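Enquirer: Need a 3D model of the following:
(one chain, ligands or ions: 1)
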Amino acid sequence: MADQYEVSKAGAAALGIPSLRWEELPEGPVVVLLDQTRLPAEEAELVCTDVPALVQAIRRLAVRGAPLLGIAGAYGVALAAARGFDVDEAAESLAHARPTAVNLGYGVRRAAAAYRAAAGRGAGAGAAAAALVEARALHAEDIEAGARMAEQGLALLGELLPGGGHRILTHCNSGALVSGGEGTAFAVVRAAHRAGELRRLWVDETRPLLQGARLTAYEAARAGMAYSVLADGAAGSLFAAGEVDAVLIGADRIAADGSVANKIGSYPLAVLARYHHVPFVVVAPTTTVDLETERGADIEVEQRPGSEVTELSLPPGQGSGAGPGAAIAVAPLGAQAYNPAFDVTPPELVTAIVTEAGVVSPVTRNGLARMCSTSRWSKSRSGNGMMAE
Ligand SMILES: CSC[C@H]1O[C@H](OP(=O)(O)O)[C@H](O)[C@@H]1O
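Expert: Residues are numbered from 1 along each chain as shown. Below you'll find the model as predicted:
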C-alpha cells in the first residue's frame with residue numbers, strides 16, 4: 001500500500017494540496033484537512049488531533065462530499081485508536097456527524113470492523129494499525145474509483161453527445177474536494193476537458209453554501225476550463241436557450257430503487273433536463289449506493305440551520321475584514337427559513353448512473369444491484385459486515 005502521502009497525491013495534483021491526509025507528528029498522529037469553508041480565498045489546513053475536532057469539521061463542512069466523508073470517517077476511527085480514545089464512542093459520533101451521505105457510516109464501519117477484528121485476535125497496538133490500513137485502503141480505492149468513473153463517464157458522454165464540444169452543467173461540487181482523487185462528476189468533466197471535448201462548464205453557484213461558486217469554480221479555474229458561474233435560478237433559461245448538452249452531478253446516497261439524494265437543487269435540474277430532453281447523469285462510486293435503503297422516501301435528508309439561508313457567511317478575513325467568519329443578514333431578523341441540504345431525484349428522471357463498476361441506464365433496481373455486485377470492492381464491503389449486496 002502506497003504511503004498516505006502517495007495515496008493522496010492524486011488529489012493534490014488536482015488541487016495543489018490534498019483535501020485530506022494522515023500525518024504522523026512527534027506528538028502523535030493527526031488528520032489534516034483542507035478547510036473548505038475558507039476556499040477559494042485561502043488554502044488553509046485544519047489539523048485535527050482528536051475526534052471531536054473532526055466531527056465538528058464534518059458538521060460545518062470544512063470537510064465535505066460523500067466519498068471524502070467516508071475517508072474522513074475511517075481516518076477518524078484510526079485516529080481514535082492510535083490516540084487511545086474510546087473507538088466505539090468515536091465511531092458512533094463520526095457516523096452520526098451528518099445523516100445523508102451513506103459513505104460516512106460506511107467508512108467508519110469499515111475501519112471500526114478492522115480495528116475490532118484485530119483487537120479480537122489480541123493484536124493490542126496492532127489493532128490501531130489495522131484501522132489505519134483500512135482507512136488507507138478506502139482512500140486508495142476512492143482514488144481508483146474516481147479514475148474509473150472518469151473513463152466510464154467520458155465514454156458515456158461520447159455515446160450520448162456524439163461530436164464533442166460539450167456544454168455541461170454541474171451543481172454543487174463533486175471534484176477533488178470530495179475525494180481522495182479527482183472526484184466523481186467533476187472527474188468526468190475534467191476528463192472531457194483533457195480530451196478537448198469540454199466547450200463550456202456551467203457552474204451552478206449552489207445556494208446557500210455556494211459549493212459551486214466557491215469550490216467547483218476554484219477547481220475549474222485551476223484546471224484551466226472555460227466555465228461560467230450562474231445563479232441556481234438561471235439554469236432554466238440556459239436550458240430554454242439550448243445551451244446545456246448534459247447535466248452531470250454527484251450523489252450522497254442512492255437508494256436501492258435508484259432514487260438519488262444529492263445537493264438541494266438537483267431535483268429541479270432533473271425536471272428541467274427531462275422537459276428539455278437533456279441527459280441527466282449521476283456519477284458516484286458504488287460506496288454511495290445503499291441497497292439497504294429501499295426507496296428515495298426512506299433517505300434521511302439533513303436539515304441544516306436556517307441561518308445558512310438568512311445570512312451570508314464570509315470566510316474569516318473576507319468582507320469587512322472582521323475577525324472569524326463575519327455574517328451579513330440577507331433576510332429580516334427573526335425570519336424563518338427552510339434549509340434541507342439535499343433533495344431526492346426519482347430514478348425515472350435519471351438518464352444514467354455512472355460508477356467505477358459500470359453504467360446503469362435505464363436506472364433499475366436490478367441493474368443497480370447487479371452493478372454493485374460486480375464492483376471489485378463489493379467483497380470487502382460485505383466482508384466487513386457492510387451493506388448487503
Ligand atoms: C460527490 S459527493 C459530493 C456531494 O456532496 C455534496 O454535499 P455537501 O457539500 O453538503 O457535502 C453535494 O451533495 C455533492 O453532490
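Enquirer: In three-state terms, label residue 354 for me.
Expert: At residue 354 the chain is in strand, as set by DSSP: H, G, I helix; E, B strand; the rest coil.
Enquirer: Residue most distant from the centroid, the chain?
Expert: residue 122 (35.6 Å; C-alpha atoms, centre = their mean).
Enquirer: The ligand versus the nearest residue to residue 259 once chain neighbours are set aside, what's the distance?
Expert: Distance criterion C-beta to C-beta, 6 or more residues apart in numbering; nearest residue to residue 259, sequence neighbours excluded, is residue 296 at 2.7 Å. C-beta coordinates here come from the backbone N, C-alpha and C atoms, glycine included. Note on residue 296: its distance to the ligand, by C-beta to the nearest ligand atom, to the nearest Å, is 14 Å.
Enquirer: Residue 101 now?
Expert: 6 Å.
Enquirer: now residue 184
Expert: Distance, residue 184 to the ligand, using C-beta to the nearest ligand atom: 4 Å.
Enquirer: ok, now residue 164?
Expert: Taking C-beta to the nearest ligand atom, one finds residue 164 at 25 Å from the ligand.
Enquirer: just to revisit the earlier point, what score does the residue farthest from the centre of the chain have for pLDDT?
Expert: pLDDT for residue 122: 92.
Enquirer: just to confirm, which helix or strand has it in it?
Expert: Using DSSP states H and E, residue 122 falls within no helix or strand.
Enquirer: Let me see the backbone angles for it.
Expert: Main-chain dihedrals, residue 122, degrees, to the nearest 10: phi 80, psi 30.
Enquirer: Strands along the stretch 101-250 of the chain, start to end?
Expert: Secondary structure of the stretch 101-250 of the chain (DSSP state E, counting those that start in this stretch): strands at 166-170, 198-204, 227-230, 246-249.
Enquirer: Of these, which is nearest the ligand?
Expert: Closest approach to the ligand among the strands of the stretch 101-250 of the chain (C-beta to the nearest ligand atom): strand 246-249, 5.8 Å.
Enquirer: Distance of whichever residue of the stretch 251-389 of the chain sits closest to the ligand relative to residue 179?
Expert: Residue nearest to the ligand within the stretch 251-389 of the chain: residue 263 (3.4 Å; C-beta to the nearest ligand atom). Look at residue 263 and residue 179: by C-beta to C-beta, to the nearest Å, they are 15 Å apart.
Enquirer: neighbour-wise, which of those two wins?
Expert: Taking other C-beta atoms under 10 Å, residue 263 and residue 179 do not tie; residue 179 has more neighbours (32 against 26).
Enquirer: Spit out the contact partners of that one.
Expert: Listed by C-beta atoms under 8 Å, 6 or more residues apart in numbering, the contact set of residue 179 reads 11, 19, 65, 67-68, 142-143, 146, 187.
Enquirer: Confidence-wise, which of those comes last?
Expert: Confidence by pLDDT is poorest for residue 11 among these, given 65.
Enquirer: What parts of the stretch 101-250 of the chain come near the ligand?
Expert: Residues of the stretch 101-250 of the chain lying close to the ligand (C-beta under 6 Å from any ligand atom) are 172, 174, 178, 184, 211, 249-250.
Enquirer: picking up where we left off before, CSV please, covering the strands of the stretch 101-250 of the chain and showing mean neighbour count and mean pLDDT.
Expert: Putting the strands of the stretch 101-250 of the chain into CSV (neighbours: other C-beta atoms under 10 Å; pLDDT from 0 to 100) gives the following:
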stretch, mean neighbour count, mean pLDDT
strand 166-170, 25, 98
strand 198-204, 23, 98
strand 227-230, 18, 98
strand 246-249, 26, 98
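Enquirer: Enumerate every residue touching the residue in the stretch 101-250 of the chain positioned nearest to the ligand.
Expert: The ligand sits closest to residue 250 of the stretch 101-250 of the chain, with a gap of 2.5 Å, by C-beta to the nearest ligand atom. If you count contacts by C-beta under 8 Å, 6+ apart, residue 250 has them with 65-66, 172, 174, 178, 183-186, 262-263, 282-284.
Enquirer: Mind giving me the ChimeraX command for buried ones among these?
Expert: Here is the ChimeraX selection string for the buried members of these, based on 16 or more other C-beta atoms under 10 Å:
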select :65,66,172,174,178,183,184,185,186,262,263,282,283,284
